[in-house]
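> predicted structure and sequence below. I'll ask about it afterward.
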Amino acid sequence: MDVINVVIVDDHKAICSGLSSYLRNTEGVNVIAELHSGKELFSYLTKNSPNVIVMDIKLLGDEKSENGLLITKSLRNQGILIPIIIYSGYDYLYEK
């Protein structure tokens, strides 16, 4: 079985650590980095090429561009086609 190398991006270190721990206990998954901002991700990707990026939709940072959707758009605009899984801890359901 091939190993899937995963990078996790979440500004909350406890969430990042918990998700990383969970994924490390999954057969065939290797967490190769825990990053906490888009800036760290862009820097990391200059030297590394994971199979998958797992990223929080809302990252706290100095720039308004620090969210998973805009980071994904920027990566795609740069030709980086690594699959990205975006998740959220927010309840986006609305009342009818």
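That came through, no problem.

> what segments of this protein are helices?
Counting by DSSP state H, one finds helices in the chain at the ranges 13-24, 38-45, 68-77.

> give me the contacts around the last one.
So the one you mean is helix 68-77. For helix 68-77, the external contacting residues (C-beta atoms under 8 Å, 6 or more residues apart in numbering) are 9, 38, 41-42, 45, 55-59, 65, 82, 84, 86. Heads up, the C-betas are built off the backbone N, CA and C, glycines and all.

> go with 6 Å
Applying C-beta atoms under 6 Å, 6 or more residues apart in numbering, the external contacts of helix 68-77 come out as Gly38, Met55, Asp56, Ile57, Ile84, Ile86.

> out of these, list just those in strands.
Using DSSP state E, the subset of those located in strands is Met55, Asp56, Ile84, Ile86.

> just put these in a markdown table and tack on distance to Ala33 and pLDDT.
Below are the ones in strands among the contacts of helix 68-77 laid out as a markdown table (distance: C-beta to C-beta, whole Å; pLDDT from 0 to 100):
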| residue | distance to Ala33 | pLDDT |
| --- | --- | --- |
| Met55 | 12 | 95 |
| Asp56 | 14 | 92 |
| Ile84 | 14 | 97 |
| Ile86 | 17 | 93 |
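
> farthest-separated two in those?
Asp56 and Ile84 (11.3 Å; C-beta to C-beta).

> looking at these two, which one has more neighbours?
Ranked by neighbour count (other C-beta atoms under 10 Å), Asp56 and Ile84 place Asp56 first, with 23 against 18.

> residues contacting the more buried one?
Asp56 makes contact with Asp10, Gly68 under the criterion C-beta under 6 Å, 6+ apart.

> who does it bridge with?
Asp56 has these beta-bridge partners by DSSP bridges: Tyr87.

> how far off centre is stretch 3-14?
Relative to its parent chain, stretch 3-14 has a centroid offset of 6 Å by C-alpha atoms, centre = their mean, to the nearest Å.
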